[in-house]
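Peer 1: Here is my input; please provide its structure:
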Amino acid sequence: MRRKDREMNKEFAYSVIDKANHGTLSVMDKNGEPYGVPLSIIRKDNALYFHAAKEGKKNNIFKDRPIVSISFVGETKVPDNYSNEELDEISKDKSKMSLLVSKVFTTEYESAIVKGRIELVESHDEKIKALTLICSKYTPDKMQYVGTAIKSGIERVSVYKIEIDDISAKRKKYDSQGKEMKWGRI
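Peer 2: A predicted model of the protein is given here:
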C-alpha cells in the first residue's frame, strides 16, 4: 500500500466489509480477460459467502481460476472543510492553493480489499447457514420467512465461500476541524 498513513487494521477492514452493501469480485478468465461482478456478500469470521445461479460465466471461471480479489467500499463523501468565504481567501493566496486539491476537491472514503481462494460450498448445512446469514444482512425484517425461502430455493442456487488469505483497508477522513485523521485516530 502506497499510502501507509491511511492504512487501517484488520478489524477496520472487517467493519467495512460488514457494512458494505456489496463487494466487487474480480478474477481473470481462462483467456486472461478481467472479469468483475458486484455481489451481495456476507462475512463470517475469516470467510466470505455469496450465492449465485447454478450456471453462468462466473461459475465457469471459478472452476479454472479459484484465486479472487474482492473490493468493498464503505462510507464516502466529499468533505466540506471550508466556508465559501474561506475558499475565496484561499484562492487569492498562491501559497494556500494546494489546499483546494488536498482538502476541497477530494473524497473521504473507507475501503477494504480481500484476496482469497473461492470454493463451491457442498455441505447442505453450510449452505443453509450461509444463506441465512445473507438474509439476515439484507432482509433482517423478514427473517421469519427465511427457512421457507431457503427450503424452496436451495436446490436452484450455488453458494460460494472465500477464505480470506490477505486483507487490507484504507481510509481518508477529516475531523471536525478539517484535519485529516491518519492511522490511529478513529
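
Peer 1: Grab the longest strand from the protein for me.
Peer 2: Determined from DSSP state E, the single longest strand within the chain is strand 157-172.

Peer 1: which strands and helices sit next to that one?
Peer 2: strand 7-8, helix 10-19, strand 47-53, strand 109-120, helix 124-138 (3 or more CB pairs under 8 Å, 6 or more residues apart in numbering; DSSP states H and E). From N, CA and C alone the C-beta is placed, and that goes for glycine too.

Peer 1: Could you export these as a markdown table, including mean pLDDT?
Peer 2: Below are the helices and strands packed on strand 157-172 laid out as a markdown table (pLDDT from 0 to 100):
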| stretch | mean pLDDT |
| --- | --- |
| strand 7-8 | 78 |
| helix 10-19 | 95 |
| strand 47-53 | 96 |
| strand 109-120 | 96 |
| helix 124-138 | 96 |
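
Peer 1: Pairing partners for the longest strand of the chain, with directions?
Peer 2: Strand 157-172 has the following strand partners under DSSP bridges: strand 7-8 (antiparallel), strand 47-53 (antiparallel), strand 109-120 (antiparallel).

Peer 1: where does the chain have low pLDDT?
Peer 2: Counting by pLDDT under 70, the chain shows low-confidence ranges at 1-5, 183-186.

Peer 1: Number of residues surrounding D18?
Peer 2: Around D18 sit 14 other residues, with neighbours defined as other CB atoms under 10 Å.

Peer 1: OK, contacts around the residue most central in space within the chain?
Peer 2: Centroid-nearest residue in the chain, with CA atoms, centre = their mean: F72, separated by 1.4 Å. Going by CB atoms under 8 Å, 6 or more residues apart in numbering, F72 touches 16-17, 20, 22-24, 41, 111-114.

Peer 1: Quick one: buried ones out of those?
Peer 2: Buried subset of the contacts of F72 (neighbour count, 16 or more other CB atoms under 10 Å): 16-17, 20, 23, 41, 111-114.

Peer 1: Among the strands paired with strand 157-172, which comes closest to N59?
Peer 2: Between N59 and the strands paired with strand 157-172, the tightest spacing by CB to CB is seen for strand 47-53, at 6.4 Å.

Peer 1: one step back: can you redo the helices and strands packed on strand 157-172 as CSV with distance to N31?
Peer 2: Below are the helices and strands packed on strand 157-172 laid out as CSV (distance: least, CB to CB, whole Å):
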stretch, distance to N31
strand 7-8, 34
helix 10-19, 30
strand 47-53, 21
strand 109-120, 19
helix 124-138, 30
